[in-house]
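# sequence and predicted structure are below.
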Amino acid sequence: MNDWPDGWSDDRGNNNAAGYGRGSGGAQPEGARVMRHVQRPAAPPRGAVPPQSRGYDEGYDQQGYDSGYNTGHVYGGPGGPGGGSGGPPYGQQPYGGRSAPNWRRRLKVGSLTLVVVLLAVSIGTYFWADSKLKREVDLSKVIERPGEGEGTNYLIVGSDSREGMSAEEKKKLHTGSADGKRTDSMMILHEGSNGPTMISLPRDSDVEIPSFKGSQSGKLFPAEGRRVKLNAAYAEDGPELLVRTVEHNTGLRIDHYVEIGFAGFANIVDAIGGVEIDIPKSFKDKKSGADFQAGKQTLNGEQSLAFVRTRYAFAGSDLDRTKNQQKFLAALASQTATPGTILNPFKLYPTMGAGLDTLIVDKDMSLWSLGKMFFAMKGVTGGDGKSMNMPISGSRNGNLVWDKAKVKQLVQQLKNDEKVTVTSDR
């Protein structure tokens, strides 16, 4: 039986013959011979698996036969430790191995997720805050209004409303128990391109009540030439008549109205952990509950309310009180609009909740406009703005008379959004 594969021969060209030659069974050694030149096949493309040569045992049907030659497979095939037949294409990870993390893709996905979350939170916060605003003042009921000017004018009113306060809170905050509500402070805040200007309107200002339309009845009331204290306009027919009276006596159009009561004011201060303020001179007032020593100190809600309400402890009475109110509101805005409050949800939401729950605004007021007002108040103490009282020329029947010439110049500068150069002597 010849074990030589087909195609093998001896030196004489006889197939499967005994004699000299490769694999010869003869007794003499094989003679010298020249190796036949073999054409090398072209190299496979990069990354491709080279073609496998035919094994010596291929084509045989004998069962159990093993030539002992390797078939060209790389060790580590199905039966080997590698678990795969051959290696992977060039540049790819080994079969069954763990691929390296794609950090660029993970960064993109993480950034996108963060943006979506922040957007959702921002939108949710906006609608939550917007739903809390009490848009109760209808400025469309105000008649005979002045023409619009440059910038935005806010009428900011602090009322002595005790709405929602318990008997214990009224006693603690020294608010008394009077029914209804009156204006305890009034300010015009102008926000424009030349910095904010805050102008206090003393409650004892001598003004004329003009013709007006009743906010509830819609009835037209003609002008009678009545001269009253400014806060009487609010007591007579509410915010709409107050706006009408301010516009009539100044000639300045009011774009937005904002009002806050006693409880809301104190709650905002407590929500941010108090307001730091420098008191130049000690004072005490039994009616407001004020009892302060000179120097820098942090006031809580109760103390803050006493500070802005005190008038009888000062020689200038209401004029000195308005200066303290301006000083405190600017400090409140400055210390609230900080990263520690805005970026801390545990302080931001209680602060917004405390303020928005008690704010009364006009029907056209948006959160954007309210935010601009807030940052304009902050700018008053930032060196970009100015605070002052309405210029006073004297008094009439115990009421403060405005300086007409200075008021006219001041209003013209505000209308044109110019830098305010008018000063007040008080």
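Perfect, thanks for sending it.
# same for the longest helix seen in the chain, what does it pack against?
Looking only at the chain and at elements set by DSSP state H, the helix with the highest residue count is helix 103-132. Under the contact criterion of 3 or more Cβ pairs under 8 Å, 6 or more residues apart in numbering; DSSP states H and E, helix 103-132 touches helix 345-356, helix 367-380. (Each C-beta comes from the backbone N, C-alpha and C, glycine too.)
# report the inter-axis angle for it versus helix 367-380.
Angular relation of helix 103-132 and helix 367-380 on a 0 to 180 degree scale: 90 degrees, by axes from the mean of the first three to the mean of the last three Cα atoms, to 10 degrees.
# buried residues, helix 103-132. List them.
A129 (16 or more other Cβ atoms under 10 Å).
# packing partners for the helix or strand just after it?
From helix 103-132 onward toward the C-terminus, using DSSP states H and E, the following helix or strand is strand 134-137. Packed against strand 134-137 by the contact rule (3+ Cβ pairs under 8 Å, 6+ apart) you find helix 230-250, strand 359-362.
# which one of the helices and strands packed on helix 103-132 is the most hemmed in?
Each of those was given a mean neighbour count from mean count of other Cβ atoms under 10 Å, and the largest, a mean of 18, is that of helix 367-380.
# quick one on the thing from earlier: hey, least reliable of the helices and strands packed on strand 134-137 by pLDDT?
Comparing mean pLDDT across the helices and strands packed on strand 134-137, the weakest is strand 359-362, with a mean of 91.
# which strands and helices sit next to it?
On a contact count with 3+ Cβ pairs under 8 Å, 6+ apart, strand 359-362 meets strand 134-137, strand 256-260.
# D255 contacts E150, correct?
No - using Cβ atoms under 8 Å, D255 is not in contact with E150, being 11.1 Å away.
# higher neighbour count, those two?
D255 (19 against 13; other Cβ atoms under 10 Å).
# what's the pLDDT at the more buried one?
Confidence at D255, expressed as pLDDT, is 97.
# all helices of the chain, in order?
Listed in chain order, the helices of the chain (DSSP H) span 103-132, 167-172, 230-250, 262-271, 301-309, 318-336, 339-342, 345-356, 367-380, 404-415.
# comparing those helices by mean pLDDT, which bottoms out?
Averaging pLDDT over each of the helices of the chain singles out helix 167-172 as the lowest, with a mean of 60.
# S200 is nearest to which of the helices and strands packed on helix 103-132?
Proximity of the helices and strands packed on helix 103-132 to S200 was assessed by Cβ to Cβ; the nearest stretch is helix 367-380, lying at 11.5 Å.
# tally of neighbours for the closest residue in space to G355 that isn't next to it in sequence?
Counting by Cβ to Cβ, 6 or more residues apart in numbering, G355 lies nearest to I268, which is 4.8 Å off, once chain neighbours are set aside. Close neighbours of I268, defined as other Cβ under 10 Å, add up to 25.
# again, but for T250
Residues contacting T250 under the criterion other Cβ under 10 Å number 22.
# correct me, but it touches K408?
No - with contact defined as Cβ under 8 Å, T250 does not reach K408; the gap is 9.1 Å.
# so can I have CSV of the helices of the chain showing distance to V142?
Rendered in CSV, the data for those read as follows (distance: least, Cβ to Cβ, whole Å):
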stretch, distance to V142
helix 103-132, 24
helix 167-172, 32
helix 230-250, 5
helix 262-271, 24
helix 301-309, 27
helix 318-336, 24
helix 339-342, 34
helix 345-356, 24
helix 367-380, 18
helix 404-415, 17
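# which one, of the ones you listed, ends up nearest to S215?
Go through the helices of the chain one by one with Cβ to Cβ and the one that ends up closest to S215 is helix 230-250, at 4.2 Å.
# mind listing what I188 touches?
With Cβ atoms under 8 Å, 6 or more residues apart in numbering as the criterion, the residues that contact I188 are N153, Y154, L155, I156, M198, I199, L201, V246, T250, L252, I254.
# contacting residues around the nearest residue to the fourth one once chain neighbours are set aside?
With sequence-adjacent residues excluded and distances taken as Cβ to Cβ, 6+ apart, I156 is closest to M187, at 4.6 Å. Residues touching M187, when contacts are defined by Cβ under 8 Å, 6+ apart, comprise L155, I156, V157, M198, I199, S200, L201, T322, Q325, Q326, L329.
# is M187 bridged to anything, and to what?
On the basis of DSSP bridges, M187 takes part in beta bridges with I156, S200.
# what do you get for the one 4 residues further on?
When bridges are taken as DSSP bridges, the partners of E191 come out as T152.
# quick one: it from V246, how far?
Note on E191: its distance to V246, by Cβ to Cβ, to the nearest Å, is 17 Å.
# again, but for N344
The span separating N344 from V246 equals 37 Å under the rule Cβ to Cβ.
# between those two, point out the one with more neighbours.
In terms of neighbours (other Cβ under 10 Å), V246 is the more surrounded of N344 and V246; the figures are 24 against 12.
# out of the contacts of M187, which is nearest to Q412?
The closest of these to Q412 turns out to be I199 (Cβ to Cβ; 13.7 Å).
# got a pLDDT number for the nearest residue to that closest one once chain neighbours are set aside?
The shortest distance from I199 to any residue that is not its chain neighbour, by Cβ to Cβ, 6+ apart, is 4.6 Å, and that residue is I188. Predicted confidence (pLDDT) for I188: 96.
# V411 is in contact with I254, isn't it?
No - in this structure, V411 sits apart from I254 without contact. The criterion is Cβ under 8 Å, and the distance is 11.9 Å.
# thinking again about what came up before, redo the helices and strands packed on helix 103-132 as CSV? Include distance to K415.
CSV is the format used below for the helices and strands packed on helix 103-132 (distance: least, Cβ to Cβ, whole Å):
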stretch, distance to K415
helix 345-356, 30
helix 367-380, 17
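# about what we covered before: distance of the residue nearest to I199 relative to L201?
Using Cβ to Cβ, we find I188 at a distance of 7 Å from L201.
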